[in-house]
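Chemist: Kindly return the folded structure for what I paste below:
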Amino acid sequence: MKAAILEAPFTIKLKSIPTPKPRIDEVLLKVAACGICGSDVRYFMGENPWSLHTLGIEEPIPQNTILGHEVSGLVVDVGSPEFEDMIGSRVGVIAFKSCGRCYYCLRGLHNLCGDMLHIGHDGRWRDREYIPGGYAEYMPLWWDKAHPIPDRISFEEATQLDGLAVAVHAVGRADIKPSDTVAVLGAGPIGLMILQVARAMGACRIIAVDVRSKPLEVARDLGADSTIDVSRAGIYDSLLKETGGIGIDVIFDTVCSESTITQCLKSLARRGRLILVALNRLDIKLNLLDLSGERIITSSSNNLYHEYTVAVNLLSSGRVRVKPFITHIFRLDEVEKAFHVAIHKDEYEAIKIILKP
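Modeler: Below is the predicted model of the structure:
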């Protein structure tokens, strides 16, 4: 089969490799589409965000990595006869498998497992020659992580179910009330989905914040009540102006720079919640007085398994739309061009890029 192999930083090549055989607990997908996530771009540029976020340590990017975890496709083979009825199924991919044994798994917190395997990266696939990922014609997958999707969800749309489940989890962390004003900082794919999930979960008013005009246009199309271009005005001043000086009840920060975190914290209303959705190694200084008035700062990590089903229901019902931000679709043999566009997204007005074998 053809697969895009990450050989070194900034070097990803299409190669012919053996088509994997599904193991006893696996199915084989014929990949229909796979999105380029921000984490894929970081791998391409030489970072290993998964080891930092999941293991809390720095590890080199493993050899023979096939990136891509925002995957949809058709089940074409199975590793056990008991799964034969899955052949021909249209599915989206739950991209991680927790250990099921640790402190967090036993409490149902699969997203916090420190011993999970993940599609498209993760150096602990030591028993496979190639780390399975969606930038390939075929991909092995645990049978119970192949989630059926209805015909009304296209394969291109289904690639965004992974990120939509992350958005569902983040919104759940915020405990949104019907009277809440919500601000979403960063109108990339995750931010644009958080915006819509927050609306579906009852937010009263939603403000989208970004430095680019194209994503803000899409945010308005997807239901933002107002948008703020912070390339022209500061976050703090703009958000307070929007609320008559009261502040924002819930802020989702999908950027997570020192500037955005500190300004968002200052912009919270009393009892407001700041949810950090994109963590990194940044050291920042906080004034603890900014937490007075029972303000809360917390983070959101990945998603729980059942939240993927919630994502499917939101997308199939039309309460969340993803087509407006799928801006570029490339063939798998154009993978180098696709990553060039992803890195220079401002120049190309790119939001979400998808590869199709």
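Chemist: make it CA atoms for all contacts and neighbour counts henceforth
Modeler: Noted.
Chemist: average pLDDT for stretch 251-266?
Modeler: Stretch 251-266 shows an average pLDDT of 94 in the prediction.
Chemist: Next, the buried residues of that stretch.
Modeler: Neighbour counts using 16 or more other CA atoms under 10 Å place 251-257, 260-266 of stretch 251-266 among the buried residues.
Chemist: End to end on that stretch, go ahead and measure it.
Modeler: Distance between the two ends of stretch 251-266: 11 Å, counting by CA to CA, to the nearest Å.
Chemist: next one: stretch 246-262
Modeler: As for stretch 246-262, its first-to-last residue distance stands at 17 Å under the measure CA to CA.
Chemist: likewise stretch 74-85?
Modeler: Across its full length, stretch 74-85 reaches 12 Å between end residues, using CA to CA.
Chemist: Touching it from outside, list them.
Modeler: When contacts are taken as CA atoms under 8 Å, 6 or more residues apart in numbering, the neighbours of stretch 74-85 outside the stretch itself are 21-32, 86-91, 143.
Chemist: helices or strands up against the helix or strand hosting residue 273?
Modeler: Using DSSP states H and E, the element containing residue 273 is strand 268-276. Helices and strands touching strand 268-276, as assessed by 3 or more CA pairs under 8 Å, 6 or more residues apart in numbering; DSSP states H and E, comprise helix 161-174, strand 248-253, strand 296-299.
Chemist: Give me the contact list for the shortest one.
Modeler: Residues outside strand 296-299 that contact it (CA under 8 Å, 6+ apart): 265, 271-277, 279.
Chemist: Out of the buried residues of stretch 251-266, which sit inside helices?
Modeler: Among the buried residues of stretch 251-266, the members found in helices (DSSP state H) are 260-266.
Chemist: tell me the phi and psi of the closest residue to residue 94 other than its chain neighbours?
Modeler: When the adjacent residues along the chain are set aside, residue 94 lies closest to residue 145, with 4.9 Å between them (CA to CA, 6 or more residues apart in numbering). As for residue 145, its main-chain torsions (degrees, to the nearest 10) stand at phi -110, psi 10.
Chemist: next one: residue 15
Modeler: Dihedral angles for residue 15 - degrees, to the nearest 10 - are phi -130, psi 160.
Chemist: For it, list each beta-bridge partner.
Modeler: Beta-bridge pairing for residue 15 (DSSP bridges): residue 3.
Chemist: got a list of what it touches?
Modeler: Contact partners of residue 15, counting by CA under 8 Å, 6+ apart, are 2-5.
Chemist: For PyMOL, write the selection for the buried entries among the residues you listed.
Modeler: What follows is the PyMOL syntax for the buried subset of the contacts of residue 15, where burial is set by 16+ other CA under 10 Å:
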select buried, resi 2+3+4+5
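Chemist: so which two of the contacts of residue 15 are the farthest from each other?
Modeler: Of all pairs drawn from the contacts of residue 15, the one with the longest distance (CA to CA) is 2 and 5, at 9.5 Å.
Chemist: re earlier: greatest separation within the contacts of strand 296-299: which pair is it?
Modeler: Checking the contacts of strand 296-299 against each other with CA to CA, the farthest-apart pair comes out as 271 and 279, at 22.5 Å.
Chemist: any low-confidence regions in the stretch 251-357 of the chain?
Modeler: Low-confidence regions of the stretch 251-357 of the chain, defined here as pLDDT under 70, do not occur.
Chemist: Do you have the strands of it handy? List them.
Modeler: Secondary structure of the stretch 251-357 of the chain, counting by DSSP state E, counting those that start in this stretch: strands at 268-276, 296-299, 326-331, 352-356.
Chemist: Mind putting these into CSV with distance to residue 60 and mean neighbour count?
Modeler: Shown next, in CSV, are the strands of the stretch 251-357 of the chain (distance: least, CA to CA, whole Å; neighbours: other CA atoms under 10 Å):
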stretch, distance to residue 60, mean neighbour count
strand 268-276, 26, 22
strand 296-299, 25, 16
strand 326-331, 28, 16
strand 352-356, 25, 24
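Chemist: Nearest to residue 61, out of the ones you listed?
Modeler: In terms of CA to CA, the element of the strands of the stretch 251-357 of the chain nearest to residue 61 is strand 352-356, at 21.6 Å.
Chemist: okay, the angle between the strand or helix carrying residue 197 and strand 352-356?
Modeler: Using DSSP H and E, residue 197 sits within helix 189-200. Here the directions of helix 189-200 and strand 352-356 differ by 110 degrees (axes from the mean of the first three to the mean of the last three CA atoms, to 10 degrees).
Chemist: Report the angle between helix 189-200 and helix 161-174.
Modeler: If you take the same axes, to 10 degrees, helix 189-200 sits at 50 degrees to helix 161-174.
Chemist: Can you give the distance from helix 189-200 to the centre of its chain?
Modeler: Distance of helix 189-200 from its chain centroid, counting by CA atoms, centre = their mean, to the nearest Å, is 12 Å.
Chemist: deepest of the helices and strands packed on strand 268-276, which one?
Modeler: strand 248-253 (a mean of 27; mean count of other CA atoms under 10 Å).
Chemist: What is it packed up against?
Modeler: Using 3+ CA pairs under 8 Å, 6+ apart: strand 248-253 touches strand 181-185, helix 258-267, strand 268-276.
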